[in-house]
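>>> Provide a 3D model corresponding to the input given below.
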Amino acid sequence: MTRNEFLELLARAKTERLLSSEAEKLFGAAKGKKYSLTLDFISYSSAFGRQIHSDYDNGYKFECATGDDLQVVVLFQEKCKEFVDQLRGQTSREIHLEVLGYDSLYQKPILGYLVKEFTDQVLTPGPAPAPIPEPIPEPIPGPDMDTLANSEPHHWTKGSNQIGKHWASGNLQPILDEIQEAHHPPADSKSWGGIRTFVLGALFVMFLIAGPIFFSDFEAKSETARPVTATLTDTRRQQITSRAFDFDFRAAEKSFESGQYAIARWQTLSALDHINFRNSGLSGQENKRLNYRAHNLLGRIYDRVGENYESYRSFHQAKKFYYRQGRIKADPKSPEARSLEEFIDKQLLKLKDQGMGSLIDESKRTLNPVNKKWLDSVIRTAADDSQLTAGPKPLTLVLVQTKEPYSGWVKTVHEAGSIKELIHYAQGQRHGHYRSWKIDGTVASIATYDKGRKTGLNPTFGETGHADSKSIRMYKNGRLLETKPPARN
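Residues are numbered from 1 along each chain as shown. The predicted model follows:
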């Protein structure tokens with residue numbers, strides 16, 4: 001297979017939305033071939049444990065794209081750490097690669113970086129292939145309906161529908177220091193340092209004044225002195241927490257308004273980090289008020305990108321925090337309450353359309369979580385992929401017997417017989433929930449499709465079975481969104 005033929009194969013895999021079994025066969029023909037490709041290097045992470053080729057065990061994997069936005073994963077050996085660091089963020093960089101195959105975990109071709117240089121003959125590129133029209137752009141998978149361990153040897157994994165749950169750790173000051181260093185101009189950092197100096201100075205003066213009284217009459221004054229110090233500390237901690245929350249939440253609102261939905265999600269989760277740990281200093285009512293604001297914004301973010309399952313969960317959380325505020329009457333006619341109910345109803349209708357109607361409790365208008373029992377029932381009734389074939393319209397599947405566009409669940413299995421993939425179709429197109437499993441039965445990846453295009457969150461799980469909630473990829477209409485806000489200079 002020539003270099004041009006391999007690039008054409010990449011384009012075909014993207015435009016035709018091949019099933020994993022089909023893609024594995026096609027890329028198997030290119031396995032072992034060596035090419036020189038010009039790539040954009042998007043992001044990388046450690047590749048823990050065994051890889052598709054033993055040379056790359058415990059090395060690094062880089063998400064890359066060609067100039068035509070054909071996406072691949074490139075593996076690097078462990079000894080290439082310095083070179084990998086240099087490649088991050090580079091564009092149009094030519095490197096020498098070997099085709100290793102196709103991995104359903106990433107749903108992308110897997111290439112390996114060749115440390116040994118090619119001969120001039122091998123490196124001579126052929127003419128570029130004619131561009132293939134891309135009526136529906138489709139970047140291919142990447143993280144997480146599951147932020148918990150993928151250790152259970154079964155096709156269901158505990159917690160594997162808990163997208164975006166991110167727990168804060170440590171005290172607040174290191175978080176604030178990091179925020180200041182990463183986002184504030186130098187003038188702001190100096191100002192913040194001045195505030196800390198002032199507070200420390202004030203505490204020192206108080207100690208000089210109250211110290212003699214405290215030590216001269218310990219029994220009489222100790223109970224009075226302690227509450228004053230505690231009150232001052234709690235007040236200061238509350239101010240720090242509120243300021244940190246406001247900083248990230250305002251940034252999230254601006255990102256949301258400008259259409260940077262993945263960045264807005266990242267910033268909202270950071271805002272939640274500040275208020276949802278034990279020593280935040282916030283009162284119970286203030287914590288509920290800020291949680292309502294943050295979860296309401298998360299619901300709107302997920303709604304915009306078609307992540308209906310997480311949008312429902314976020315609005316449901318916002319509703320609970322809204323009614324738990326002591327100053328709020330449970331008035332279902334208030335504008336806030338009506339807005340929440342409308343968004344919740346919208347997500348439930350969308351989820352019905354995506355094949356998840358059996359999870360909805362119609363009497364309570366609530367959604368039950370995805371669980372083992374539900375997955376087992378879907379897998380039992382899903383059509384086998386051998387019953388389907390490509391339809392007359394592009395990017396559609398039809399039943400082999402009737403030639404009608406298929407609507408319903410489709411499953412594929414590993415050679416050993418265990419479940420490999422489960423996806424919902426509507427009128428022949430991928431539409432709704434997608435889930436894949438490794439051969440050992442643990443969840444590999446989760447995604448959502450809307451009329452054939454990937455949308456919403458796309459968690460994938462490596463050897464550890466974890467996916468960091470903030471680094472989860474987000475798509476909208478088949479396009480991968482920028483995940484993290486750029487650091488300010």
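>>> element containing residue 343?
Taking DSSP states H and E as the definition, residue 343 sits inside helix 335-353.
>>> quick one: strands adjacent to the following helix or strand past that helix?
Counting by DSSP H and E, the element after helix 335-353 in chain order, helix or strand, is strand 360-361. Sheet pairing of strand 360-361 (DSSP bridges) gives strand 366-367 (antiparallel).
>>> list the buried ones in stretch 300-313?
300-313 (16 or more other C-beta atoms under 10 Å). Glycine gets a C-beta too; all of them are placed from N, C-alpha and C.
>>> got the CA coordinates for that stretch in PDB?
C-alpha atoms of stretch 300-313 as PDB (Å, rounded to 0.1, in the frame of the first residue of the first chain):
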ATOM      1  CA  ARG A 300     -27.000  24.800  29.500                       C
ATOM      2  CA  ILE A 301     -23.400  23.900  28.300                       C
ATOM      3  CA  TYR A 302     -24.300  20.200  27.800                       C
ATOM      4  CA  ASP A 303     -27.600  21.200  26.200                       C
ATOM      5  CA  ARG A 304     -25.800  23.300  23.500                       C
ATOM      6  CA  VAL A 305     -23.500  20.400  22.500                       C
ATOM      7  CA  GLY A 306     -26.200  17.700  22.600                       C
ATOM      8  CA  GLU A 307     -25.000  15.900  25.700                       C
ATOM      9  CA  ASN A 308     -28.600  15.300  26.900                       C
ATOM     10  CA  TYR A 309     -27.900  12.700  29.500                       C
ATOM     11  CA  GLU A 310     -25.400  15.000  31.400                       C
ATOM     12  CA  SER A 311     -27.600  18.000  30.700                       C
ATOM     13  CA  TYR A 312     -30.500  16.300  32.500                       C
ATOM     14  CA  ARG A 313     -28.300  15.400  35.400                       C
END
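>>> which outside residues touch that stretch?
145, 161, 163-164, 256, 261, 264-265, 268, 298-299, 314, 343-344, 346-348, 350-351, 354, 356, 367, 370, 433, 448, 450, 455-457, 474-477, 481 (C-beta atoms under 8 Å, 6 or more residues apart in numbering).
>>> thinking again about what came up before, and the helix holding residue 343, how far from the chain's centre?
23 Å (C-alpha atoms, centre = their mean, to the nearest Å).
>>> closest to residue 23 among the buried residues of stretch 300-313?
residue 306 (24.1 Å; C-beta to C-beta).
>>> using CSV, please lay out the buried residues of stretch 300-313 together with pLDDT and distance to residue 324.
Shown next, in CSV, are those (pLDDT from 0 to 100; distance: C-beta to C-beta, whole Å):
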residue, pLDDT, distance to residue 324
300, 97, 20
301, 97, 22
302, 97, 22
303, 96, 23
304, 95, 26
305, 95, 28
306, 95, 29
307, 95, 25
308, 96, 25
309, 96, 23
310, 95, 21
311, 96, 21
312, 96, 19
313, 96, 17
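>>> next, count neighbours for the spatially closest residue to residue 252 that is not a sequence neighbour.
In space, and not counting its chain neighbours, residue 252 is closest to residue 267: 3.7 Å by C-beta to C-beta, 6 or more residues apart in numbering. Burial measure for residue 267: 26 neighbouring residues, criterion other C-beta atoms under 10 Å.
>>> where does the prediction get shaky in the stretch 101-250 of the chain?
Filtered on pLDDT under 70, the stretch 101-250 of the chain yields the residue ranges 104-107, 116-233.
>>> who does whichever strand or helix holds residue 263 touch, helix- and strand-wise?
According to DSSP H and E, residue 263 maps onto helix 261-275. Identification of packing neighbours for helix 261-275 by 3 or more C-beta pairs under 8 Å, 6 or more residues apart in numbering; DSSP states H and E yields helix 172-183, helix 218-257, helix 284-304, strand 473-476.
>>> immediately after the last one, which helix or strand?
Translated: strand 473-476. By DSSP H and E, the next helix or strand past strand 473-476 is strand 479-480.
>>> do you know how far the spatially closest residue to residue 296 that is not a sequence neighbour is from residue 444?
Nearest residue to residue 296, sequence neighbours excluded (C-beta to C-beta, 6+ apart): residue 318, at 4.1 Å. In this view, residue 318 and residue 444 are 31 Å apart by C-beta to C-beta, to the nearest Å.
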